[in-house]
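Participant: I would like to see how this sequence folds:
(chains A and B)
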Protein chains: 2
Amino acid sequence: MKVLIVGSIALDTIETPAGKVVEVLGGAAVYSSIACSFFSPVQMVGVVGDDFPQAHEKIFQRKKIDTAGLVKLPGKTFRWEGKYFADLNQRETLRTELNVFDRFSPDLPPSYRDTHYIFLANIHPSLQLKVLDQARKPKLVVCDTMNLWINTARKDLDRLIPRVDILMLNDEEARMLTGEYQLARAGGSLLKKGLLAVVIKRGEHGATVFHRQGVFFAPAYPLEDVKDPTGAGDSFAGGFIGYLAKSGKQTFPEIKRAAIYGSVLASFTVQEFSLKRLLQIKSSDINQRFREFKNLVSF
Amino acid sequence: MKVLIVGSIALDTIETPAGKVVEVLGGAAVYSSIACSFFSPVQMVGVVGDDFPQAHEKIFQRKKIDTAGLVKLPGKTFRWEGKYFADLNQRETLRTELNVFDRFSPDLPPSYRDTHYIFLANIHPSLQLKVLDQARKPKLVVCDTMNLWINTARKDLDRLIPRVDILMLNDEEARMLTGEYQLARAGGSLLKKGLLAVVIKRGEHGATVFHRQGVFFAPAYPLEDVKDPTGAGDSFAGGFIGYLAKSGKQTFPEIKRAAIYGSVLASFTVQEFSLKRLLQIKSSDINQRFREFKNLVSF
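Facilitator: Below is the predicted model of the structure:
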């Protein structure tokens, strides 16, 4: 089944202890779409400027990503610059240039409107709502959000969540959104809003899935060679919804496997800067690492 | 098989968002001994003052903990006071009164000297070495340490580690001890010192076991009712070595199961202040939560 993905498309400048890259391909929609494409065909919604390199568009073509929903506006593409500290768990945003992203208003092409699987990457909740308003047959809506919207767009977020099936956010955001410090309580409190599941992302510590039927823990793979954590959460989300769309089932066991596939994709992303590693791997690499995840937690 | 445990015995004053307790039973040797006692008989080594309540000694008797190595000195028992912040991951030490602990020099009674399983809880590495010097037939030595000794007693620690089989420390300490920021590298670097395994404790995020044969991840149980994290790491260690002493095997699969039993015991400890919950549970509670851990990570 096809997956509709909406979110940012960016040119990132990133410094980590492993090096620095300038204006490389990035953005939540990009990481999640490439990760998703290993499992299911992607329909991408986003905006770029007229400076967006053709080489990047070719990557979308190579991954058979439908770009009918990719709008090109006059002006510059969204740019983000960040620096990671030595332990890679914390980062500082040095510069955010919205550019054409400031005028982004997602419009679904007719061919996207009946798509069942939808991933709303982290953008303003009013834009996420606008996408859902145009979707005629949503079957599974996965939504990512962040502290900024919890603080500044709470009303939109409160209107959005009842229309979402699976919410993704990090531990700090889950605490902020619920006022509960203990993650198990935060997860339980979010489920009560009518969600099928909540995925609390914990960076290098993995992710916890709170589902109506129970709790599941997906570890992060213990890598020796993390170069750049950018895009890990979005790669997780892309692998997660891509697997569910391929499976066609939304049972708890399938959601568990989806979380592991998400972790697998995230583990590849962080091994190189930008999309480099994600564009090197094959399905066989994904399946092998899936088995390694099994070994990591089996007892 | 018996387990020799050496470490602190304390009267703790603890404040957490769930409340405050004053001069309750605590200390690394106490938490680990009680946790261990569910699996294997314990021989405890430690020191208390003449103010140590008899009710606490009765707890040791009830748990059939051998206290031949428990020395009572004139003066006051070691006291620690701490306060946890809202998310329970960080704490502040408000007061440390060493009292009789300042004169502690572990002397093994003859009946302890042939014990095969030894847990060196977190005390000065020179004292941990002194215990090993008196042990005639160590088969498995598990050792806990902390940042203070890494910074101030590095020479003793470097002499100690080659005589240890399994080292336990937290993620920050593993980074400090090895100079490696990525935990997988830190774990690998510590294994090269000749250890059988390294357990990197990550608090509410679980623990990672680096073993010569591979890596294993033991999650923390997602509890809704954490009241007091004090003693979690020591309970983990006690359950861990207690299970291995009962099993008699030190294979990687047994070490994995030991890490899960350690996590099970830690998960009970944090549900109440001091030893309260550990003193309520039975083996059947432990076995049930062990199965819940299996569900938490199986996919």
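Participant: Quick check: residues of chain A near chain B?
Facilitator: Counting by Cβ under 8 Å from any Cβ of the partner chain, the positions of chain A adjacent to chain B are A:17, A:86-88, A:175, A:181-185, A:187-188, A:202, A:204-206, A:208, A:210, A:214-217, A:219, A:222-226, A:253, A:256-257, A:259-260, A:294-299. C-beta: built from backbone N, CA, C; applies to glycine.
Participant: pull the longest helix from chain A.
Facilitator: In chain A, taking DSSP state H as the definition, the longest helix is helix A:252-269.
Participant: Which strands and helices lie in contact with that one?
Facilitator: Contacts defined by 3 or more Cβ pairs under 8 Å, 6 or more residues apart in numbering or on different chains; DSSP states H and E place helix A:252-269 against helix A:28-36, strand A:207-211, strand A:214-218, helix A:232-247, helix A:283-297.
Participant: Strand partners (parallel or antiparallel) of the third one?
Facilitator: Strand A:214-218 sits in its sheet next to strand A:207-211 (antiparallel), going by DSSP bridges.
Participant: Show me what the strand it pairs with is in contact with.
Facilitator: A:183-184, A:187-188, A:190-191, A:196-202, A:215-218, A:220, A:236, A:252, A:255-256, A:259, A:262-263, B:222 (Cβ atoms under 8 Å, 6 or more residues apart in numbering or on different chains).
Participant: The same query, at a cut-off of 6 Å, please.
Facilitator: For strand A:207-211, the external contacting residues (Cβ atoms under 6 Å, 6 or more residues apart in numbering or on different chains) are A:Gly187, A:Leu191, A:Ala197, A:Val198, A:Val199, A:Ile200, A:Lys201, A:Phe216, A:Phe217, A:Ala218, A:Phe252, A:Ala259.
Participant: same thing with stretch A:286-299?
Facilitator: Residues external to stretch A:286-299 that are found in contact with it (Cβ under 6 Å, 6+ apart): A:Pro219, A:Ile260, A:Val264, B:Phe217, B:Lys256, B:Arg257, B:Ile260, B:Val297.
Participant: are any of the residues of chain A next to chain B buried, and which?
Facilitator: For the residues of chain A next to chain B, burial is judged from neighbour counts taken by 16 or more other Cβ atoms under 10 Å in any protein chain shown, and it is met by A:88, A:175, A:181-185, A:187-188, A:202, A:204-206, A:208, A:210, A:215-217, A:219, A:222-223, A:226, A:256-257, A:259-260, A:296-297, A:299.
Participant: Would you mark the buried spots in the longest helix of chain A?
Facilitator: A:252, A:254-269.
Participant: Measure how that helix sits relative to helix A:28-36, angle-wise.
Facilitator: 110 degrees (axes from the mean of the first three to the mean of the last three Cα atoms, to 10 degrees).
Participant: what angle sits between helix A:252-269 and helix A:232-247?
Facilitator: Calculated by the same axes, to 10 degrees, helix A:252-269 forms an angle of 140 degrees with helix A:232-247.
Participant: then helix A:252-269 to CSV, C-alphas only?
Facilitator: The C-alpha coordinates for helix A:252-269 follow below in CSV (Å, rounded to 0.1, in the frame of the first residue of the first chain):
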residue,chain,number,x,y,z
PHE,A,252,0.1,-5.2,18.3
PRO,A,253,2.6,-7.8,17.0
GLU,A,254,2.8,-6.0,13.7
ILE,A,255,3.3,-2.7,15.4
LYS,A,256,6.2,-4.3,17.4
ARG,A,257,7.9,-5.5,14.3
ALA,A,258,7.3,-2.0,12.7
ALA,A,259,9.1,-0.4,15.6
ILE,A,260,12.0,-2.8,15.2
TYR,A,261,12.2,-2.0,11.4
GLY,A,262,12.0,1.7,12.3
SER,A,263,15.0,1.2,14.7
VAL,A,264,16.9,-0.7,12.0
LEU,A,265,16.5,2.2,9.5
ALA,A,266,17.4,4.7,12.1
SER,A,267,20.5,2.7,13.0
PHE,A,268,21.7,2.9,9.4
THR,A,269,21.0,6.6,9.0
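Participant: Let me see the mean pLDDT of that helix.
Facilitator: Taken as a whole, helix A:252-269 has a mean pLDDT of 98.
Participant: Equivalent analysis for stretch A:148-168, please.
Facilitator: If you average the pLDDT over stretch A:148-168, you get 97.
Participant: Ok, stretch A:105-120 next?
Facilitator: For stretch A:105-120, the mean confidence score works out to 97.
Participant: Show residues contacting that stretch.
Facilitator: Contacts of stretch A:105-120 with the rest of the structure, by Cβ under 6 Å, 6+ apart, involve A:1-6, A:32, A:43, A:45, A:68-69, A:127-128, A:130-131, A:134-143, A:237, A:241, A:245.
Participant: please redo it, this time with the cut-off set to 7 Å
Facilitator: By Cβ atoms under 7 Å, 6 or more residues apart in numbering or on different chains, the surrounding residues in contact with stretch A:105-120 are A:1-6, A:32, A:43, A:45, A:68-69, A:127-128, A:130-131, A:134-144, A:237, A:241, A:244-245.
Participant: same thing with stretch A:164-179?
Facilitator: With contacts defined as Cβ under 7 Å, 6+ apart, stretch A:164-179 is touched by A:140-147, A:150, A:161, A:181, A:183, A:186-187, A:189-190, A:195-202, A:237.
Participant: Next step: the residues you listed restricted to strands.
Facilitator: When the contacts of stretch A:164-179 are checked against strands (DSSP state E), the matches are A:Leu140, A:Val141, A:Val142, A:Cys143, A:Asp144, A:Ala197, A:Val198, A:Val199, A:Ile200, A:Lys201.
Participant: Lowest pLDDT pick from those?
Facilitator: Comparing pLDDT over the ones in strands among the contacts of stretch A:164-179 singles out A:Lys201 as the least confident position, at 94.
Participant: what about that residue, how many neighbours?
Facilitator: 24 (other Cβ atoms under 10 Å in any protein chain shown).
Participant: now swap in A:Gly203 and tell me
Facilitator: Residues contacting A:Gly203 under the criterion other Cβ under 10 Å number 18.
Participant: swap in A:Pro229?
Facilitator: When neighbours are defined as other Cβ under 10 Å, A:Pro229 has 20 of them.
Participant: right, and it touches A:Gln271 too?
Facilitator: No. The pair formed by A:Pro229 and A:Gln271 falls short of the contact definition of Cβ atoms under 7 Å, at 10.4 Å.
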